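>>> 3D, please:
(one chain, ligands or ions: 2)
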Amino acid sequence: MGFLDTGSTVFYGTGVTNIKVSGKMRFVNNETIDIKLEEKKTSPKEEIIRFKKAIEITAKETRALAKRARETLGEGEGQIFEIHAMLLEDEDFNDTVIGEIEKGKSCEKAVEISAKKYASVLRSLNDEYLSARASDIEDICKSIITTLSAKNEKNDDSNEPYILVARDLTPSETVKLDKSKILGFVTFEGSPSSHTAILARAMSIPALVGVGEISGAYDGNIALLDGEKGTLVVSPSNDELLEFEKKKAYENKIATEHERYLRSIMNRPAVTKRGHKVLIYANVGSGEEIEPALLNGAEGLGLLRSEFLYLSRSSYPSEDELFSAYYEIATKMQGKRAIIRTLDIGADKQIPYFKLDKEENPALGYRGVRICLDRVDVFKTQIRAILRASAYGNISIMIPMISTLNELERCKYIINECKNELKEKGVRFDEKIELGIMIETPASALISDELAKEVDFFSVGTNDLTQYTLAIDRQNAKVTSICEENKEAVFKLIKMSADAIHQKGGWIGVCGEMAADLSLTQHFVDMGIDELSVAVPYLLGVREKVCACK
Ligand code: PEP
Ligand code: MG
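Ligands and ions are numbered 1, 2, ... in the order given. Down below sits the predicted model:
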């Protein structure tokens with residue numbers, strides 16, 4: 001593939017992390033397996049050779065991914081990729097693809113046709129396990145096509161890490177990114193409060209979202225990604241490259257010095273000059289992040305996004321699998337509070353094996369607690385696992401997306417049922433386990449006086465509270481700036497909730513992305529916020545800022 005050499009071009013987006021990175025861009029077409037695939041390019045014989053080579057490479061990469069997933073995410077997640085690798089080598093599947101190539105189809109088209117055939121047969125059998133395998137077939141089809149385009153069209157066999165460029169990434173694609181191969185990523189779509197951006201921040205991946213369409217002709221060109229400025233300079237001149245690297249080195253030096261200072265205060269209580277204490281907690285997606293969180297002074301976990309464990313799998317986790325994940329969290333936290341948010345899927349967090357219908361307005365539709373209250377079996381499995389883990393540490397339960405008192409009452413009823421079931425079996429759990437809810441809808445803030453009577457704490461999810469208060473889709477880059485200029489309405493709702501819970505003797509935290517925005521820390525202190533929960537890279541900075549507040 002030749003490089004487009006027309007001088008530098010700048011694309012503007014929104015930085016997700018304040019990190020600078022430079023490197024080659026690699027475009028990934030992850031849209032669906034419906035991508036336009038050109039018809040036969042070479043002879044069937046050559047196409048079959050291409051196919052076999054692609055299978056070999058993809059299987060090898062998938063096995064490496066399985067190993068990594070097993071080490072970082074757990075046994076169950078590793079198994080998913082192990083199954084993918086086995087499917088890749090399935091003789092029937094390979095014969096079907098080769099049959100299509102022999103009929104004159106290109107390798108890519110033959111893979112697509114065969115995967116669709118297999119997936120639809122598996123789905124028609126109406127079996128939960130086999131349906132999950134259908135999604136696996138579609139996933140591996142994407143991997144084979146990615147391998148074919150990456151290796152054959154670019155003839156690039158290097159292991160050099162690259163800046164990944166895609167139209168968008170789903171949270172589950174982001175969670176699977178291999179940090180040793182990716183320098184950073186850029187997406188045409190997306191906004192800084194999407195779950196993809198949240199994950200990138202948690203994983204400290206340099207990223208830029210909402211840059212608009214970039215021509216695939218730039219694939220392989222060098223680019224400078226500046227997360228702070230929100231720019232991507234494609235095909236920079238030598239001078240631009242040198243200047244960028246000089247700035248990066250300088251900023252890294254300052255950052256290292258500042259970090260050294262921050263580390264020296266990591267055990268200092270976050271108390272303002274007027275004596276208001278704020279707990280500094282971490283937002284995490286799995287037990288893997290606990291060690292870095294503790295090393296950065298986290299006094300607790302303010303938000304465990306429990307859905308990430310479901311997202312990285314291809315079938316429902318069992319109660320025992322969930323228990324062992326929560327047990328790990330409870331014990332690793334060494335008595336510090338760990339708030340496990342119950343499953344919050346729907347909207348941008350789609351999980352194929354839940355088989356949720358496609359919706360016109362997913363953010364306003366079927367998500368979070370609304371699904372859990374319908375899928376009581378799934379909800380109870382999770383609640384029992386959390387309760388069991390509570391015997392081994394300081395665990396609290398938090399329910400997302402509450403918007404009515406009735407929803408909360410039904411959740412409490414189900415939690416009680418789970419407690420009774422465990423008691424009957426003689427299984428230990430913390431009888432005094434704390435219960436909280438997220439304040440994420442304007443409705444929950446407006447009835448916070450009623451809700452406060454029923455729970456121990458609130459935690460404000462500013463990402464959704466902003467989305468629903470200002471009616472701005474958190475996924476849509478075009479409306480991101482509206483939020484920047486109009487936080488007052490959101491603050492009023494937070495203050496209202498803080499007053500309500502304090503009156504009932506409870507406490508309130510903030511765990512949305514605003515909690516890490518240092519320009520807002522004083523506002524939160526003034527409202528009497530008791531806890532700020534942020535992604536691991538922001539823990540030290542927020543502690544420093546609280547100490548500097550009035
Ligand atoms: C929020 O909405 O602010 C929040 C913390 O939850 P999530 O970002 O996972 O929706
Ligand atoms: Mg939310």
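>>> contacts, neighbours, all on C-alpha from now
Will do.
>>> who's in contact with the closest residue to Leu470 other than its chain neighbours?
Closest residue to Leu470 apart from its sequence neighbours, by CA to CA, 6 or more residues apart in numbering: Cys483 at 7.3 Å. Counting by CA atoms under 8 Å, 6 or more residues apart in numbering, Cys483 touches Thr466, Leu470, Ile472.
>>> Which of those ranks first by neighbour count?
Thr466 (25 neighbours; other CA atoms under 10 Å).
>>> And the contacts of Cys483, which is closest to ligand 1?
Thr466 (8.1 Å; CA to the nearest ligand atom).
>>> That closest one reaches Phe491, doesn't it?
No: taking contacts as CA atoms under 8 Å, Thr466 lies outside contact range of Phe491: 9.5 Å.
>>> got a list of what the residue in the stretch 201-350 of the chain positioned nearest to ligand 1 touches?
Proximity of the stretch 201-350 of the chain to ligand 1 (CA to the nearest ligand atom) peaks at Arg305, 6.3 Å away. Taking CA under 8 Å, 6+ apart, we find Arg305 in contact with Asn283, Val284, Gly285, Ser286, Ile340, Arg341, Thr342, Leu343, Asp344.
>>> Run a quick neighbour tally on the second one.
As a burial measure, Val284 scores 26 neighbours (other CA under 10 Å).
>>> didn't it look like it was pressed against Leu294?
No: Val284 is beyond contact range of Leu294, at 11.4 Å (criterion: CA under 8 Å).
>>> Give me the phi and psi for Ser312.
Per-residue torsions, Ser312: phi -90, psi 10 (degrees, to the nearest 10).
>>> Show me what residue of this structure gets nearest to ligand 1.
Counting by CA to the nearest ligand atom, the chain gets nearest ligand 1 through Gly461, at 2.9 Å.
>>> about what we covered before: quick check: which element contains the residue nearest to Leu470?
Applying DSSP states H and E as the criterion places Cys483 in helix 480-485.
>>> tell me which element the residue nearest in space to the middle of the chain falls in.
The chain has Leu199 as the residue nearest its centroid, 3.8 Å off, counting by CA atoms, centre = their mean. Counting by DSSP H and E, the element that carries Leu199 is helix 195-202.
>>> need the next SSE after that helix, C-terminal direction.
Counting by DSSP H and E, what follows helix 195-202 is strand 207-209.
>>> And that following strand, what does it pack against?
Strand 207-209 sits against strand 14-15, strand 182-187, helix 195-202, strand 222-226, with contacts defined as 3 or more CA pairs under 8 Å, 6 or more residues apart in numbering; DSSP states H and E.
>>> Any idea how far apart the tips of stretch 97-106 sit?
Terminal residues of stretch 97-106 lie 10 Å apart, using CA to CA, to the nearest Å.
>>> for stretch 349-364, same thing?
Stretch 349-364 end-to-end distance (CA to CA) = 13 Å.
>>> what pLDDT, on average, does that stretch get?
Average pLDDT, stretch 349-364: 88.
>>> what do you get for stretch 261-272?
90.
>>> Quick check: buried residues in that stretch?
Leu262, Arg263, Ile265, Met266, Pro269, Ala270, Val271, Thr272 (16 or more other CA atoms under 10 Å).
>>> ok so, going back, give me the nearest residue to the residue of the chain closest to ligand 1, chain neighbours excluded.
Here the residue nearest Gly461, using CA to CA, 6+ apart, is Gly512, at 4.4 Å.
>>> try Asp226
Nearest non-adjacent residue to Asp226, counting by CA to CA, 6+ apart: Lys20, 4.5 Å away.
>>> Touching, that neighbour and Gly230? I think so.
No: look at Lys20 against Gly230 with CA under 8 Å: they stay out of range, at 9.8 Å.
>>> ok, for Val211, nearest residue in space, not its chain neighbours?
Nearest residue to Val211, sequence neighbours excluded (CA to CA, 6+ apart): Gly13, at 4.1 Å.
>>> what's that neighbour in contact with, if anything?
For Gly13, the contact set (CA under 8 Å, 6+ apart) comprises Leu208, Val209, Gly210, Val211, Gly212, Gly230, Thr231, Leu232.
>>> From the chain's centroid, how far away is stretch 257-276?
28 Å (CA atoms, centre = their mean, to the nearest Å).
>>> For it, which outside residues touch it?
277-280, 296-297, 525, 528, 540-541, 543-544, 546-550.
>>> now do stretch 221-229
With CA under 8 Å, 6+ apart as the test, stretch 221-229 has contacts from 3-4, 14-25, 163, 206-208, 231-236, 241, 244.
>>> Report the buried residues of that stretch.
Asn221, Ile222, Ala223, Leu224, Leu225, Asp226, Gly227, Glu228.
>>> ok, now stretch 11-29?
11-29.
>>> again, but for stretch 299-318
For stretch 299-318, a neighbour-count test (16+ other CA under 10 Å) marks 299-317 as buried.
>>> Now do the contacts for the residue lying closest to Tyr326 once chain neighbours are set aside.
Using CA to CA, 6+ apart and skipping the chain neighbours, the partner closest in space to Tyr326 is Ala389 (5.7 Å). Applying CA under 8 Å, 6+ apart, we find Ala389 in contact with Phe323, Ser324, Tyr326, Tyr327, Ala330, Ile395, Phe429.
>>> Just the ones of the buried residues of stretch 299-318 in strands?
Among the buried residues of stretch 299-318, the residues falling in strands (DSSP state E) are Leu301, Gly302, Leu303, Leu304, Arg305.
>>> Give me the domain ranges for this structure.
2-28+155-260, 44-149, 265-548 (automatic domain parsing).
>>> Show residues contacting stretch 185-201.
By CA under 8 Å, 6+ apart, stretch 185-201 touches 14-17, 163-171, 174-175, 205-214, 348-349, 463, 474-477, 480, 513, 535, 537.
>>> pLDDT averaged over it - what is it?
For stretch 185-201, the mean per-residue pLDDT is 88.
>>> how far does that stretch stretch from start to finish?
Length of stretch 185-201, first residue to last, CA to CA: 12 Å.
>>> Equivalent analysis for stretch 162-179, please.
Start-to-end, stretch 162-179 (CA to CA) is 10 Å.
>>> Give me every residue in this structure lying close to ligand 1.
Counting by CA under 6 Å from any ligand atom, the residues of the chain close to ligand 1 are Glu440, Gly461, Thr462, Asn463, Asp464, Cys511, Gly512.
>>> Can you tell me which of the residues you listed are buried?
Buried among these by 16+ other CA under 10 Å: Glu440, Gly461, Thr462, Asn463, Asp464, Cys511, Gly512.
>>> The residues you listed in helices, which ones?
Taking DSSP state H as the definition of helices, those contribute Thr462, Asn463, Asp464.
>>> Nothing else from me, thank you.
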